[in-house]
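Undergrad: just to be clear, the model below is a prediction. Sequence and coordinates:
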Amino acid sequence: MPFPVAYETNEDMTWLKNQFGRICVKFNGLSEHTFQIYCDFRQLHWFQRFLEDQETKRSSKNQHSSALFTLGTGRIAWQEGEGNGEPWNVHHVILRYSYIDTGRNKFSEGREMRINRQNYHPD
């Protein structure tokens, strides 16, 4: 299994919605791949917030500092699966993230969320 890849700032990840309205993420260095977020309802609000924060920065033409945004850091890694076949079909890519909990004014670790690679064409 490959080593995990750490993204130490929220600027290293680009959040978007695909043509089906699902939240997706792209990573610097892996821009040819778009990953869909698969999470529990309890975590969905965090990903919606990451997307809203980035849309706020884009619409304000970078007048807002991303240091104040909810997402802290991210790390992608392989989660080993069972069976034979292509790695994308057997193993899973997971995203481990940290966020700033503004209600408690502290930095918190998120959970590991499964993300799936997709072919995304914004046309």
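TA: Received it, and whenever you're ready, just let me know what you need.
Undergrad: in the protein, where is pLDDT below threshold?
TA: 1, 62, 64-68, 101-123 (pLDDT under 70).
Undergrad: and the most centrally placed residue in it, how far from Gly83?
TA: Centroid-nearest residue in the chain, with Cα atoms, centre = their mean: Val25, separated by 4.7 Å. Shown here: Val25 relative to Gly83, a distance of 26 Å by Cβ to Cβ, to the nearest Å. C-beta here means a position set from N, CA and C on the backbone, and glycine is covered the same way.
Undergrad: what segments of this structure are helices?
TA: Applying DSSP state H to the chain gives helices spanning 41-59, 87-90.
Undergrad: most packed of these?
TA: Comparing these by mean neighbour count (mean count of other Cβ atoms under 10 Å), helix 41-59 ranks first with a mean of 15.
Undergrad: which strands or helices does it pack on?
TA: Helices and strands touching helix 41-59, by 3 or more Cβ pairs under 8 Å, 6 or more residues apart in numbering; DSSP states H and E, are strand 13-17, strand 23-27, strand 71-79, strand 106-118.
Undergrad: hmm, 7 Å instead?
TA: Contacts defined by 3 or more Cβ pairs under 7 Å, 6 or more residues apart in numbering; DSSP states H and E place helix 41-59 against strand 13-17, strand 23-27, strand 106-118.
Undergrad: hey, C-alpha coordinates of it in PDB?
TA: The C-alpha trace of helix 41-59 is given here as PDB (Å, rounded to 0.1, in the frame of the first residue of the first chain):
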ATOM      1  CA  PHE A  41     -25.300  12.300   7.800                       C
ATOM      2  CA  ARG A  42     -23.600  13.300  11.100                       C
ATOM      3  CA  GLN A  43     -20.500  14.400   9.200                       C
ATOM      4  CA  LEU A  44     -22.200  15.900   6.100                       C
ATOM      5  CA  HIS A  45     -22.400  19.400   7.700                       C
ATOM      6  CA  TRP A  46     -18.600  19.500   7.900                       C
ATOM      7  CA  PHE A  47     -18.200  18.900   4.200                       C
ATOM      8  CA  GLN A  48     -20.900  21.400   3.400                       C
ATOM      9  CA  ARG A  49     -19.100  23.900   5.500                       C
ATOM     10  CA  PHE A  50     -15.700  23.200   3.800                       C
ATOM     11  CA  LEU A  51     -17.400  23.800   0.400                       C
ATOM     12  CA  GLU A  52     -19.200  27.000   1.700                       C
ATOM     13  CA  ASP A  53     -15.900  28.400   3.100                       C
ATOM     14  CA  GLN A  54     -14.100  27.900  -0.200                       C
ATOM     15  CA  GLU A  55     -17.000  29.400  -2.200                       C
ATOM     16  CA  THR A  56     -16.900  32.400   0.100                       C
ATOM     17  CA  LYS A  57     -13.300  33.000  -0.600                       C
ATOM     18  CA  ARG A  58     -13.800  32.500  -4.400                       C
ATOM     19  CA  SER A  59     -16.700  34.900  -4.600                       C
END
